[in-house]
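Novice: this one's structure only:
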Ligand code: SF4
Ligand code: SF4
């Protein structure tokens, strides 16, 4: 495979591989309990420093302080950007939304009752890619659903054999303001786009007579599935690094019984590059990213899931920094050299970010 992208002036060469680019130790690996993510521990783990702590606690104080990049307008955009993700029931849904408004004509059409039969599985693959792009996905891949990557308590019937993984590229200028609030707005928008894309692609699959479970960060682990689906490799910053956008993507997945051609994982030298490059680790204000040369198999706390070779992120430290910052952080995306592809930017002020919106085509 050819890629026009470069990293440190060398062309990125993307190769397909038979095996995933992570190593899993079945004797030590257990499906992860979602309750142990830091976001969930905030609600129940009274033994943890982050218990009931929230990044929005400092909102009023920060606005009053006049700190650049933390104004009322910046926060207004931050909390508007994720609204579709937070409030739209059709986003992370397992079923067709029963009560959505339908016209008198479409009400009589019930497409999901019969299966559309594809003459060749390649046709369904091409179609899903096109439809995912139609709804706004930047990258699309397919893989067999490895049940290791389903959260421990999520019940997914065995007929959901395949996963369609989609990446949504995020605005580079906004990310380049991190840790300011504008970067969080870009993340929020990424989540809202995920909800929109999932709703559209999921409904399209159901209209062909197949089943679709639409997943954000709720049911499956997106990163290993994205690796299996050939979208990228995992970097030192714990994120999926894609050849096209580096780590500047959000991920969402549809689990389905739709037959399709499966992609293969890809390899383009991320692990070897990360061994030498420690930019994300050096710039992380929380000191949450390892600077060890080699990846390991154990994490820092119950918010990590041991048994897979990777650089583990200290999620507790990361979350506590978000609380101190008054908003989330994307610095480990911003500084990664792979982010600079596709017009990625290294640094931007919030003022420049807002001005850049004038120049965008409508
Ligand atoms: S999001 Fe920010 S605090 Fe968390 S690991 Fe990345 S750089 Fe560090
Ligand atoms: S900043 Fe460097 S070390 Fe960190 S993920 Fe990107 S390439 Fe790897």
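Specialist: Yep, that arrived. Source: prediction; values computed, not measured. Residues are numbered from 1 along each chain as shown. Ligands and ions are numbered 1, 2, ... in the order given.
Novice: now do the strands in the stretch 51-200 of the chain.
Specialist: Using DSSP state E, counting those that start in this stretch, the strands found in the stretch 51-200 of the chain span residues 139-144, 162-169.
Novice: what's the angle from the first one to strand 162-169?
Specialist: Yep, that's strand 139-144 we're talking about. Calculated by axes from the mean of the first three to the mean of the last three C-alpha atoms, to 10 degrees, strand 139-144 forms an angle of 160 degrees with strand 162-169.
Novice: quick one: mean pLDDT for strand 139-144?
Specialist: The average pLDDT for strand 139-144 rounds to 98.
Novice: name the helices or strands packed onto it?
Specialist: Applying 3 or more C-beta pairs under 8 Å, 6 or more residues apart in numbering; DSSP states H and E, we find strand 139-144 packed against helix 121-135, strand 162-169, helix 222-228. (Each C-beta comes from the backbone N, C-alpha and C, glycine too.)
Novice: can I get the strands of the stretch 51-200 of the chain in a markdown table including mean neighbour count?
Specialist: As requested, the strands of the stretch 51-200 of the chain are arranged in a markdown table below (neighbours: other C-beta atoms under 10 Å):
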| stretch | mean neighbour count |
| --- | --- |
| strand 139-144 | 22 |
| strand 162-169 | 26 |
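Novice: looking at the helices and strands packed on strand 139-144, which is closest to residue 357?
Specialist: strand 162-169 (16.9 Å; C-beta to C-beta).
Novice: list the contacts for the closest residue to residue 97 other than its chain neighbours?
Specialist: Leaving aside its chain neighbours, residue 97 sits nearest to residue 90 (4.7 Å; criterion: C-beta to C-beta, 6 or more residues apart in numbering). Contact analysis of residue 90 by C-beta atoms under 8 Å, 6 or more residues apart in numbering lists 97, 100, 195, 199, 203.
Novice: tell me which two of the residues you listed sit farthest apart.
Specialist: Top of the distance list for the contacts of residue 90 (C-beta to C-beta): 100 and 195, 14.0 Å.
Novice: neighbour count for the two, which is higher?
Specialist: It is residue 195, of residue 100 and residue 195, that has more neighbours when counted by other C-beta atoms under 10 Å, with 24 against 10.
Novice: ok, now which ones touch the residue lying closest to the more buried one once chain neighbours are set aside?
Specialist: If the residues on either side of it in the chain are set aside, residue 195 comes closest to residue 91, at 2.9 Å by C-beta to C-beta, 6+ apart. Counting by C-beta under 8 Å, 6+ apart, residue 91 makes contact with 84-85, 194-196, 198-199, 214, 216.
Novice: residue 354 in helix, strand or coil?
Specialist: Each residue gets one of three states, and residue 354 gets helix by DSSP: H, G, I helix; E, B strand; the rest coil.
Novice: pull the helix or strand with minimum mean pLDDT from this protein.
Specialist: None of the helices or strands of the chain scores lower by mean pLDDT, DSSP states H and E than strand 2-7, at a mean of 60.
Novice: helix or strand next in line after that one, which one?
Specialist: strand 10-13 (DSSP states H and E).
Novice: each with direction, which strands does the helix or strand following that next one pair with?
Specialist: On the C-terminal side of strand 10-13, the closest following helix or strand by DSSP H and E is strand 15-16. Sheet pairing of strand 15-16 (DSSP bridges) gives strand 266-267 (antiparallel).
Novice: and the longest helix seen in the chain, which residues are buried?
Specialist: Ordering each helix of the chain by length in residues (DSSP state H) puts helix 181-207 first. Neighbour-count burial for helix 181-207, counted by 16 or more other C-beta atoms under 10 Å, picks out 181-206.
Novice: would it count as contacting ligand 1?
Specialist: No - figure legend: helix 181-207 not in contact with ligand 1 (C-beta under 6 Å from any ligand atom); closest approach 9.5 Å.
Novice: what packs against that helix?
Specialist: helix 72-81, helix 83-87, helix 121-135, strand 162-169, helix 172-175, strand 212-215, strand 249-256, helix 350-356.
Novice: will you turn those into TSV that also has mean pLDDT and distance to ligand 1?
Specialist: Formatted as TSV, the helices and strands packed on helix 181-207 follow (pLDDT from 0 to 100; distance: least, C-beta to the nearest ligand atom, whole Å):
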stretch	mean pLDDT	distance to ligand 1
helix 72-81	97	15
helix 83-87	93	18
helix 121-135	97	27
strand 162-169	98	18
helix 172-175	95	11
strand 212-215	96	22
strand 249-256	98	14
helix 350-356	95	17
